[in-house]
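*Asks:* sharing a model that was predicted from the sequence below.
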Amino acid sequence: MDRYSKDYEELKTLLENQGGNYDYDLIKRAYDKMVQAHRGQRRSSGEEYYHHPLSVAKMLVGIGMDSESIAAALLHDVVEDTDVTEKELKAEFGENVAALVDGVTKLGKLPLSTTEQLQAENIRKMLIAMAKDIRVIIIKLADRLHNMRTIDAMSEQHQRDKALETLDIYAPIAHRLGIRAVKEELEDLAIKHLDPVGYAEIEQLLAKRSSERESVLQGICDRIKTHLKKVMPDVKIDISGRVKSIHGIYRKMFVAGKDFDEIYDVFAIRIITDTVADCYNILGIIHDMYQPLPGRFKDYISTPKANMYQSLHTTLIGAEKIPFEVQIRTFDMHHTAEYGIAAHWKYKEGISQSDQNLEDRLAWVRQILETQKESDNPEEILQSIKTDLALEDVFAVTPKGDVITLPNGSTVIDFAFAIHSAVGIKMVGAKANGRIVPLNHAIQTGEVIEILTTNQQGHGPSRDWLNFARTTSAKQKIRTWFKKERRSENIETGRNQIERDFARNNIRLPEDEMAEFIEKTAARQHFNSVDDFYAAIGYGGVVLSKIMPRIKDEYQRILKERNDTVKIVTPANTGRSSNGIVVEGIDNCLVKLSKCCTPLPGDDIIGFITRGHGVSIHKRDCNNVPKDIAAASEPERWVNAYFENTGNASFKASLMITGNDRMTFLSDVLGAIAQMSIPVHSVNARQLVGGSAVINVTVSVLNVKQITAITQKLQKIEGVYGVERIKG
Ligand code: MN
């Protein structure tokens, strides 16, 4: 066996040990292609090039990524560094793998960023790639990690530049995606190259203290284990000790200025169990065994971190007077803590475009991109991205005791908007721990924040707030408010101008007809709503005097039509009409079934004489029919109507069916309708959160009886909890 086959066998064993459902054929073909393409190339360290993509692929196997990602990782440098083309990859490995490689290749071309503008641009490109397919970034992170591991052969300047970029961009992204192992190693390697002396100092401290404390900690671990076994014999529990990452200690020592001995979580004990209830039970038991350090308990189970991390943290003091941290979580939470977003692929293959769970977890990517569009100041963009990717969160408490998680540096403005936009917009001031603070007050963890609001009209955010707010979401909400605020001013201006100009041009109609007239005018000008039309006039997008001649023509037409339609009402005989509907007093006129209530034969109906569109038929109980016709504004326009025996004329009716979303839900519903030989016009099904689904079906029926029969039949289907007839 040559060394290439031997290396492949290693990868294959790794895959088999993962126990996933891999596409071995795809991976093997990608491997062979890659080895062939890079043949003869070497890395700066001197080793054969193929080791690099292979190592990147192995990392992805380790964090549980799918076959396409692994194949793309193997091929990630071939387009850039060999004569293999993207087209070739598409033909041999499919669209998805080719697109992943293309994404990684494009990110690889980003210049090392020195200026803020370039840096912001680079981050923006990464975010766009993430929004398209998050796997691109996960491959890129593994690529960067392997490059950092093997960076020693590069020049010192290159090492430092790469290390800085890793710390500034890649590690925070890994953190936001919750991929702990990758994030910590990236940070440690970056620190090692940026500050070799500081790094070595911590390494030495750790080595020294570890041997001092290891036995103590091992003793505590054993004691906890024995005790938990005794009091919870049936509960599955894993206990292990861990040392904090060097970068974590580095930040506390050199950035926060703490002494090594003040860092309590250098050594931590991790307890993993099955259920959330057991987590809290274990916490109680441990707080009985050891004295907890006040102010150190954090419940990330009830308040997960922004990257979905969940765990209980507490710091305890043992008989030896050495504080130690204990982390308690379930196996599921542990998996998320280690692999973050990558956990998504762990037990399944591929990725579906409409994966809601993944979408929700990446909402922040879109939000950052959204904000970027609204600002062209690179400094501000970079600042907001860095805040959003921030490593540290602060926890503030509402007066009711709810905990709000915010990025470090957030102000009371962020807090107010995090509670609700309405709270932020009505804010006039804030208290921290009972004392009035300025609006740019940076929140400290544990502070009780109370937002003071007003209901007074005309109050709202000021422009300064954009400078005080740290979070993207608060800034965006403030901007949206300004946009809307201006919009309502514009609408007001536009409406006034129309009123004035119509009066000047002698365009006068009763109120409801005027509304209809303006609506039609807006539609003719291609506006979606009257308000849009007003707003456009308000800000000058539409010059009213220019369209006035056309408006006047239309007004004349309406006046004429009005005189015509009134004549229809006069003859007083009973006639019949299309659709099998008889309208009392009117012969052979145009009859339309109204869209608001879509009446069916058998329904109690009433007609309304419209201006120029014949008679529209409503159900008697339709919301658009006045309860008391005699008291309505124009009672003469309401006329009695009823269905004649209709024979075979059919009508459309729409039903909304809600139920438990199971595999055969849709086919059961359609099956039931088919059994009754009722034609289906259209079907639309969608999932709701929480395992329900809604199906909208439009069917052709002959009368109301049939609709009742379908409804009854559908209600009997297992898992259906609602069948409703809806507006067409
Ligand atoms: Mn690479």
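*Replies:* Sure thing, it's come through.
*Asks:* got the phi/psi numbers for the closest residue to Asn624 other than its chain neighbours?
*Replies:* Using Cβ to Cβ, 6 or more residues apart in numbering and skipping residues adjacent in sequence, the residue nearest Asn624 is Cys596, 5.4 Å away. Heads up, the C-betas are built off the backbone N, CA and C, glycines and all. Per-residue torsions, Cys596: phi -70, psi -30 (degrees, to the nearest 10).
*Asks:* pull the contacting residues for Cys596.
*Replies:* His618, Cys622, Asn623, Asn624, Lys727 (Cβ atoms under 8 Å, 6 or more residues apart in numbering).
*Asks:* that one and Val669, how far apart?
*Replies:* From Cys596 over to Val669 the distance is 25 Å, taken as Cβ to Cβ, to the nearest Å.
*Asks:* and if you look at Asp512?
*Replies:* Taking Cβ to Cβ, one finds Asp512 at 41 Å from Val669.
*Asks:* comparing the two, which residue is more hemmed in?
*Replies:* The neighbour count for Asp512 versus Val669, taken as other Cβ atoms under 10 Å, is higher for Val669 (25 against 10).
*Asks:* contacting residues for that one?
*Replies:* Ile657, Ile695, Val697, Leu714, Ile717, Val720.
*Asks:* please identify the helix or strand for the closest residue to the first one other than its chain neighbours.
*Replies:* Okay, so that is Ile657. Spatial nearest neighbour of Ile657, excluding adjacent residues (Cβ to Cβ, 6+ apart): Ile695 at 4.6 Å. Taking DSSP states H and E as the definition, Ile695 sits inside strand 692-701.
*Asks:* name the residues of that strand that are buried.
*Replies:* Neighbour counts over strand 692-701 (16 or more other Cβ atoms under 10 Å) mark Ser692, Ala693, Ile695, Val697, Thr698, Val699, Val701 as buried.
*Asks:* let's have these in JSON lines, adding pLDDT and distance to the ion.
*Replies:* Compiled in JSON lines, the buried residues of strand 692-701 are given as follows (pLDDT from 0 to 100; distance: Cβ to the ion, whole Å):
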{"residue": "Ser692", "pLDDT": "80", "distance to the ion": "45"}
{"residue": "Ala693", "pLDDT": "83", "distance to the ion": "43"}
{"residue": "Ile695", "pLDDT": "86", "distance to the ion": "48"}
{"residue": "Val697", "pLDDT": "86", "distance to the ion": "52"}
{"residue": "Thr698", "pLDDT": "86", "distance to the ion": "53"}
{"residue": "Val699", "pLDDT": "86", "distance to the ion": "57"}
{"residue": "Val701", "pLDDT": "83", "distance to the ion": "63"}
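*Asks:* ramachandran angles for Gly19?
*Replies:* Main-chain dihedrals, Gly19, degrees, to the nearest 10: phi 70, psi 10.
*Asks:* name all residues that make contact with it.
*Replies:* Gly19 touches nothing, counting by Cβ under 8 Å, 6+ apart.
*Asks:* re earlier: could you dump the contacts of Cys596 to CSV with distance to Leu54?
*Replies:* Below are the contacts of Cys596 laid out as CSV (distance: Cβ to Cβ, whole Å):
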residue, distance to Leu54
His618, 71
Cys622, 69
Asn623, 68
Asn624, 69
Lys727, 60
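*Asks:* strands - which of the residues you listed land there?
*Replies:* Of the positions in the contacts of Cys596, His618 sit in strands, assigned by DSSP state E.
*Asks:* how much space between Leu509 and Glu634?
*Replies:* Going from Leu509 to Glu634 by Cβ to Cβ gives 14 Å.
*Asks:* neighbour-wise, which of those two wins?
*Replies:* Neighbours per residue, other Cβ under 10 Å: of Leu509 and Glu634, the larger number sits with Leu509, 16 against 12.
*Asks:* contact partners for the more buried one?
*Replies:* Leu509 sits next to Phe517, Tyr555, Ile558 when contact means Cβ under 8 Å, 6+ apart.
*Asks:* could you rerun that using 6 Å?
*Replies:* Applying Cβ atoms under 6 Å, 6 or more residues apart in numbering, we find Leu509 in contact with Phe517.
*Asks:* check the one 10 residues further on too.
*Replies:* Contacts for Glu519 were tallied using Cβ under 6 Å, 6+ apart; they are Val530.
*Asks:* okay, and the beta partners of the nearest residue to Glu447 once chain neighbours are set aside?
*Replies:* In this structure, Glu447 finds its nearest non-sequential neighbour in Ala432, 4.8 Å apart by Cβ to Cβ, 6+ apart. With DSSP bridges applied, Ala432 shows beta-bridge pairing to Arg435, Ile449.
*Asks:* Ala342 and Ile63 touch, don't they?
*Replies:* Yes. Ala342 is in contact with Ile63 according to Cβ atoms under 6 Å; the separation is 4.4 Å.
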